[in-house]
Structure formats: structure tokens, C-alpha cells
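**Student:** any chance you can model this:
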Amino acid sequence: MTTIGFMGLGKIGIPILSRIRRSFGIYAVYDRNPSKGALFSPAKINTEPFQMGSTCDVILVSLSGEDACEEVFFGKNGLDKTIVPGTIVANLGSVSYGFAISAYRRFAEKGAIYMDCPVMGSVHEALDGALLTMVSGDAGAYERLKGILETFSKQVTYLGVAGNAVKMRIIATMASAASLAVSAEAIVAAEHAGIPIGKSIDVLLAGNAGGTVLQEKRRTMEDGDFIPGYPLSSMIRDLRNGLELSASINAPMPLESSAVQYYVAASSIGLSSLDYSSVLRAFRFLSGKS
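**Tutor:** Next up is the predicted model:
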């Protein structure tokens, strides 16, 4: 029987953990805010990362950004201090390629198996078990993880050697962000032409110009509330990782690179805590509509 631990009880982590628990059960949980762990009683509530290292066969991690991962994995009270050889550490979060390869090597020195398992999707998709999950690393570990990952994913794609899933997640995020930026630009142009946002989105979606990301963000863009399903600040972090990756692999991405500037513009006018679809406001601001 696999003993599963879970680290990171944020907006995405909680629904993912809830779905895993229904099918596999959870032995232990960790969050920097221990009170969140009480939601998952009778799972053991750990107050430090190292407490999970010697008690779980598989540890799934959903943390926001590299700084949090560095602290939890390798900090003073980090997971690496007690981790048992053969333990699988599956990172569901968004990190750079460089961090992923470093983590893979550092855990390998302890005999543990680090797996890239970044997810794409919103909180609603996590609740519905409809995230897109990419996986890379040890093939045998992937087979052990697959059933667990399928509990919260509409698709699980294995991409081979360590780091590939992180690279594909970054590339896919760049493409998705560029698509939404183009849609936002078109919506504002339509507003200048006197066409309401609901009507312009109808046409963009019917004509396949908007794609699934516009469909996903339609409500928040129409309502203008921009409640963060995925914050603009996190998207900018991902896009910067994308520009770094593009340069490192000599793969120019000029269209995506241009789109990044509009998300930066949205941040510059104070929207960083809102959903990344608030890029619509940036286009309105630049065009004199708000």
C-alpha cells in the first residue's frame, strides 16, 4: 500500500488533495499554516517539512514558486533532511527548468526520485478533476504516480526525461497567455467599434479565434471582477521563465514575447493581485477606454 503525503494547501492544492483522498487516502499533510491541515483529519498534520520525509512513499507538492519549494525541499527544516531512498517527490507547481534540474539532482543524492508534474488549469478545473498534468522523470515512478495524478486530471501526459514537463508547461503557458492577450486586444477594438463585450466574445468563440482560454475566462472578463483563479503576478513569473527558456534553447518566440509586455503593463497599473485575464483592463487603459 502506498503511503501518500501532500504539501501545500493553497487554492489549487486543497481541491487536488480532496480528490486524491477520495480514491487513495492521505497519510500526512503539511502547510506553512498548520490550521489548514485540520480540514483533512484524520491525516497526520506535520508542522515542519522534514517530518514527512521518513513516513511517506509518495509526496505530492503544490507550492507557489521556487522560493517556497527551495525552503520546503532544502531549507533548514527541509524535506531532504530525512527523506528515505526510493521516496517519490512529485512537484505539481510552476518552477523554472533550472530549478527542476537542480531539485532532481539534489534529491537523487539522497536516493529519492524527484518528478516534474506541473499542472495547468483553474481552481474550478481542479475541483472538477479536469487539470492538465504533464510528467517527466523516472518511467517507473511515473507508473506509480499515474493513477494518483488521474484523480484530478483530464489528461496526464508523460514526456520522458527530467525537465521536459517543466519545459512543456512553460511553452504551453506562453501560448495560452498570448492567445488571451490577442483576444483581449480584439475585444477592446470591438468596444471602440460600438460592439458589447458579450457579442464580441460570442463571435470570437464561434469563429475559433478565442480558443479554450477565452471560454474559460469569459465570465470574469464580461463581469469585470477578475477574481484570481490564477493571479497576474504568477502568470508574469511563468512568462519570464518562458523568455529565459526560449533564450537557453535558441528557440525564438517573438509573438509570445510581445504578449508578455501587455501582462507587464497590467501589473504596472496595479492589477498584479487580480486574475491574469485582467490584461483586458491594460488594453482598455492603453486605448483610452478606462
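**Student:** all contacts plus neighbour counts: C-alpha atoms, from now on.
**Tutor:** OK.
**Student:** tell me the SS of Gly270?
**Tutor:** Using DSSP: H, G, I helix; E, B strand; the rest coil, the structure places Gly270 in coil.
**Student:** how many neighbours does it have?
**Tutor:** Residues contacting Gly270 under the criterion other C-alpha atoms under 10 Å number 10.
**Student:** what pLDDT does it get?
**Tutor:** Per-residue pLDDT puts Gly270 at 94.
**Student:** swap in Gly210?
**Tutor:** pLDDT, read off for Gly210, is 67.
**Student:** can you check Ser234 too?
**Tutor:** 89.
**Student:** how about Ser290?
**Tutor:** For Ser290, the predicted pLDDT is 63.
**Student:** what's the answer for Met134, then?
**Tutor:** Predicted confidence (pLDDT) for Met134: 98.
**Student:** you'd agree it is in a helix?
**Tutor:** No. Under three-state DSSP, Met134 sits outside any helix and is assigned strand.
**Student:** can you dump the C-alpha atoms of stretch 125-145 in CSV for me?
**Tutor:** This file holds the C-alpha atoms of stretch 125-145, laid out as CSV (Å, rounded to 0.1, in the frame of the first residue of the first chain):
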residue,chain,number,x,y,z
GLU,A,125,-10.9,22.7,-13.1
ALA,A,126,-9.1,21.3,-10.0
LEU,A,127,-12.5,20.9,-8.3
ASP,A,128,-13.8,19.1,-11.3
GLY,A,129,-10.8,16.8,-11.7
ALA,A,130,-10.1,18.4,-15.1
LEU,A,131,-6.5,19.8,-14.8
LEU,A,132,-3.9,19.1,-17.5
THR,A,133,-0.9,17.4,-16.0
MET,A,134,2.5,16.9,-17.6
VAL,A,135,5.0,14.5,-16.1
SER,A,136,8.7,13.8,-16.7
GLY,A,137,11.4,11.9,-14.9
ASP,A,138,11.8,8.2,-14.0
ALA,A,139,9.5,6.0,-16.0
GLY,A,140,8.9,3.5,-13.2
ALA,A,141,8.0,6.3,-10.8
TYR,A,142,5.6,7.7,-13.4
GLU,A,143,3.7,4.3,-13.5
ARG,A,144,3.4,4.5,-9.7
LEU,A,145,2.1,8.1,-9.9
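**Student:** now do the buried residues in that stretch.
**Tutor:** Within stretch 125-145, the residues that count as buried by 16 or more other C-alpha atoms under 10 Å are 125-139, 141-142, 145.
**Student:** and the next helix or strand past the lengthiest helix in the chain?
**Tutor:** Using DSSP state H, we find that the single longest helix of the chain is helix 164-192. On the C-terminal side of helix 164-192, the closest following helix or strand by DSSP states H and E is helix 197-206.
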